[in-house]
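Enquirer: fold the following, please.
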Amino acid sequence: MTHTLIGYARCSTDKQDLAAQKDILSGLGVAPDRIYTDHGFTGTNRARPGLDQALAALRPGDTLVVPKLDRLARSVPDAREIADSLSARGVRLQLGAAVHDPNDPMGKLFFNILATFAEFEADLIRMRTREGMAVARAKGKLRGKKPKLSERQQKELRRMYDTGDYSISDLAELFSISRPTVYRTLHRQAAAPVPIGTT
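Expert: Numbers count the residues shown, from 1 in each chain. Take a look at the predicted model:
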């Protein structure tokens, strides 16, 4: 009976390249036509068509080969669920050059440690991403909900508009807010009515 190596590779964004992971899998003996991939799917997203195809292609005695555990799963529960499911089907799981043996207590411990680190790393990446977005937003590099103007800024915006020297577009650019926000601010300041369509 032939035992087949089925490979799986994944990258989270369209900007990342799967070539390095494919090279690793090929070096481990996986045939190119037996490598399944997901592009633009995070490890926390369980609905991954490439992974589903790889799992469906496996038969008892086969081995699922992934370059690293975090390519397969990014949470401990997900990693355990996949590993347990493979074991129940008589399929082996190979992480890089190491074959995971669910019946070996040390192997099981090592697998859980790897899964914990993968989940921790994923949490760190999410945290850094949120922090990076907050910094970028503060610097005005991200579009989205703009910070509200202070009362003093609102009054200054109204005063500048009333001079007649600044258009709505000018004020929007100066205060780094949208044109609708300029209109709302002017109306809130309740001086002379602002004609809609003023530029």
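Enquirer: residues near residue 111, how many?
Expert: The number of residues packed near residue 111 is 22, by other C-beta atoms under 10 Å. (Glycine included, C-beta is placed from N, CA and C.)
Enquirer: wait, it touches residue 76, no?
Expert: No: using C-beta atoms under 8 Å as the test, residue 111 is too far from residue 76 to be in contact (9.8 Å).
Enquirer: how's the chain carved up into domains?
Expert: 5-135, 145-199 (automatic domain parsing).
Enquirer: most packed of these?
Expert: domain 5-135 (a mean of 16; mean count of other C-beta atoms under 10 Å).
Enquirer: can you confirm residue 64 is in a strand?
Expert: Yes: counting by DSSP: H, G, I helix; E, B strand; the rest coil, residue 64 is found in a strand.
Enquirer: any idea how far residue 89 is from it?
Expert: Residue 64 is 10 Å from residue 89, where distance means C-beta to C-beta, to the nearest Å.
Enquirer: give the intersection of the neighbour lists for these two.
Expert: When C-beta atoms under 8 Å, 6 or more residues apart in numbering defines a contact, the residues bordering residue 64 and residue 89 alike are residue 58.
Enquirer: where exactly do the helices run in the chain?
Expert: For the chain, the helices defined by DSSP state H occupy 19-27, 49-57, 69-72, 76-88, 105-138, 151-162, 168-174, 179-188.
Enquirer: rank the ones you listed by pLDDT, which is bottom?
Expert: Lowest mean pLDDT of these: helix 105-138, a mean of 70.
Enquirer: and the longest strand for this structure?
Expert: When the chain is parsed with DSSP state E, its longest strand is strand 5-11.
Enquirer: ok, and what's touching that strand?
Expert: 17-18, 21-22, 25, 28-31, 34-41, 43, 48, 50-51, 54, 57-58, 62-67, 71-72, 94.
Enquirer: could you dump it to CSV, C-alpha only?
Expert: Output of strand 5-11 as CSV, limited to C-alpha atoms (Å, rounded to 0.1, in the frame of the first residue of the first chain):
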residue,chain,number,x,y,z
LEU,A,5,2.9,12.8,1.5
ILE,A,6,0.4,15.6,1.2
GLY,A,7,1.8,19.1,1.7
TYR,A,8,0.1,22.3,2.9
ALA,A,9,1.3,25.9,2.8
ARG,A,10,-0.4,29.1,3.8
CYS,A,11,0.2,32.8,3.9
